[in-house]
Each structure stands twice: as C-alpha cells, then as structure tokens.
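> Sequence first, then the predicted structure, then my questions.
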Amino acid sequence: MSAVKADKRVARDAAAARRDAAHAAAPGAAEAAAERLDAALADLPPGATVSGYLAFRSELDPAPALTRLAARGAALCMPVVEAKGRPLVFRRWRPGALTTMGVFGVEIPADETTLTPDVVIAPMLAFDRAGFRLGYGGGFYDRTLAALRAAGAVRAIGFAYAGQEVAAVPREPTDARLDMIVTESELIRCG
Ligand SMILES: Nc1nc2c(c(=O)[nH]1)N(C=O)[C@@H](CNc1ccc(C(=O)N[C@@H](CCC(=O)O)C(=O)O)cc1)CN2
Ligand SMILES: Nc1ncnc2c1ncn2[C@@H]1O[C@H](COP(=O)(O)OP(=O)(O)OP(=O)(O)O)[C@@H](O)[C@H]1O
C-alpha cells in the first residue's frame with residue numbers, strides 16, 4: 001500500500017469519530033445546511049438533475065435540502081454502487097420514493113431509471129478548504145466525478161458538518177476536487 005493510502009486509512013478512523021460527535025452535537029444542522037445549499041444553487045436551471053444521497057451512519061442528512069430543490073423543479077437521483085472499481089450510477093428518486101437495500105448497507109431507490117446528474121452532492125468523512133474529501137475508501141466519487149467531468153459540466157458539492165473540516169486531507173493523484181462545500185454554518189468555494 002502507498003504511504004498516502006495508509007495515511008488515509010488512519011485519517012478515516014479519526015474522521016468517523018469526529019463526524020459522530022458533530023452529528024450528536026448539532027440537531028437542526030440538516031435544516032441550516034439545507035438553507036445554505038438552496039442559496040448556493042439559486043442559479044440552478046429548472047429541470048436540472050441533482051444527485052443527493054440517502055444518509056446513513058452519522059452523515060449530514062441532505063433530505064431537507066433535496067425537498068427544497070424538488071419544490072423548485074429539480075429532478076433528483078441517488079448513487080448506486082454497481083461494482084467495486086466502477087463509477088456510481090444514479091437512479092431517479094423523489095422525496096418519499098421506495099428504496100431497497102444496496103451493497104455496503106446503503107439504501108438505493110427501487111426505481112431503476114438512471115439519470116445523469118448536473119450537480120452531485122457528495123457525502124464524506126472529512127474535507128479540507130481546498131475541496132479534497134475523504135470517503136470510505138472505495139474511490140467511487142473520484143471515479144464518478146472524473147467520468148462526469150470528462151463528459152460535460154458537473155458541479156460537485158460536498159455536504160458535511162463544519163466539525164468535519166481538517167487542515168489537509170491526504171491527497172492522491174486520482175482525488176477529484178469538490179467545487180464547493182456546504183456545512184450548517186458556511187458555504188466554502190474551493191480552489
Ligand atoms: N449515504 C451514502 N451513500 C453512498 C455513499 C456514501 O458514502 N454515503 N457512497 C460513497 O462512496 C457510495 C457507497 N459506497 C460505500 C463504500 C464503502 C462503504 C463502507 O461501509 N465501507 C466499509 C469498508 C468496506 C470494505 O473495505 O470492504 C467501511 O467504511 O467500514 C459504504 C458505502 C454510494 N452511496
Ligand atoms: N479515477 C480513478 N481511476 C482509477 N482509480 C481510482 C480513481 N479514483 C480513485 N481510484 C482508486 O480508488 C482508491 C480509493 O480512493 P479514495 O481512498 O480516495 O476513496 P474515497 O474518496 O475515500 O471513497 P469514496 O469516493 O468511495 O467515498 C484510490 O486509492 C485509487 O487507487
């Protein structure tokens with residue numbers, strides 16, 4: 001394993017503990033972050049497609065944000081792991097739509113219709129101000145953003161508790177940067 005991969009592995013345990021603490025300490029954060037995300041996407045064209053995620057463990061829940069975007073006419077979708085080492089695919093979703101259990105214990109929409117997102121709201125364990133994120137180590141968002149960016153314009157927005165910020169996430173050449181990060185207390189424009 002490379003030194004950076006080993007650094008990431010160590011950083012994940014600490015980041016998970018920090019996120020758990022932020023989650024327990026910040027009731028109302030999802031609503032506050034939803035307001036900020038709504039404002040950050042004020043220019044979103046009607047009919048644009050936004051990928052969220054179905055929160056698990058102590059992730060900041062994007063559901064209130066997605067409800068606002070749907071009310072403004074956005075089409076919504078959720079990430080699905082098809083296989084290790086492959087980009088995510090995105091299934092259509094609406095607030096309250098039926099879900100089923102996918103791999104890694106993450107829920108996925110039951111509706112198998114796939115969409116291509118214009119905006120990707122990404123979950124994470126930790127982030128830094130330059131827009132680098134630490135996930136669970138599958139490289140799914142890195143591969144997915146690389147493919148979406150190669151095919152056209154996409155905005156990648158990290159969604160996390162302010163307490164998940166670190167000085168610098170360990171970096172590998174394949175890491176895809178976020179364009180923005182929204183927390184309950186701040187909108188960070190990266191880069
Ligand atoms: N809510 C949510 N949905 C998501 C993601 C996410 O991070 N959050 N994903 C983001 O990619 C994808 C799912 N990817 C995942 C990848 C790994 C693990 C996970 O639990 N990994 C184990 C280690 C497993 C192993 O090494 O084999 C772990 O963290 O303990 C979870 C989700 C798509 N959907
Ligand atoms: N675009 C890519 N092409 C090939 N390999 C990649 C690409 N992106 C990432 N990888 C591989 O995936 C591995 C895991 O990536 P990383 O540790 O950054 O995942 P992560 O961002 O924590 O996870 P996730 O994106 O699933 O939340 C990297 O070490 C790299 O080997």
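Nice, thanks for sending it over. Ligands and ions are numbered 1, 2, ... in the order given.
> Run through the residues that contact the residue nearest the centre of the chain.
The residue lying closest to the centre of the chain (CA atoms, centre = their mean) is A122, at 1.1 Å. Neighbour list for A122: Y53, R133, G135, Y141, A156, I157, G158, F159, L178 [criterion: CB atoms under 8 Å, 6 or more residues apart in numbering]. Yep, even glycine has a C-beta here, placed from its N, CA and C like the rest.
> can we see that at 10 Å?
51-53, 62, 79, 133, 135, 140-141, 144-145, 156-160, 176, 178, 181 (CB atoms under 10 Å, 6 or more residues apart in numbering).
> need the helices for this structure, in chain order.
Assigned by DSSP state H, the chain shows helices spanning 3-25, 29-40, 63-71, 140-151.
> Give me the number of neighbouring residues for the residue of the chain at minimum distance from ligand 2.
Scanning the chain for proximity to ligand 2 using CB to the nearest ligand atom identifies G135 as nearest, at 1.9 Å. When neighbours are counted by other CB atoms under 10 Å, G135 registers 19.
> Can you verify my assumption that it contacts R143?
No. Using CB atoms under 10 Å as the test, G135 is too far from R143 to be in contact (11.1 Å).
> where exactly do the strands run in this protein?
All strands of the chain, identified by DSSP state E, fall at 49-51, 75-80, 89-93, 99-101, 107-109, 119-122, 126-127, 133-134, 155-159, 180-182, 187-189.
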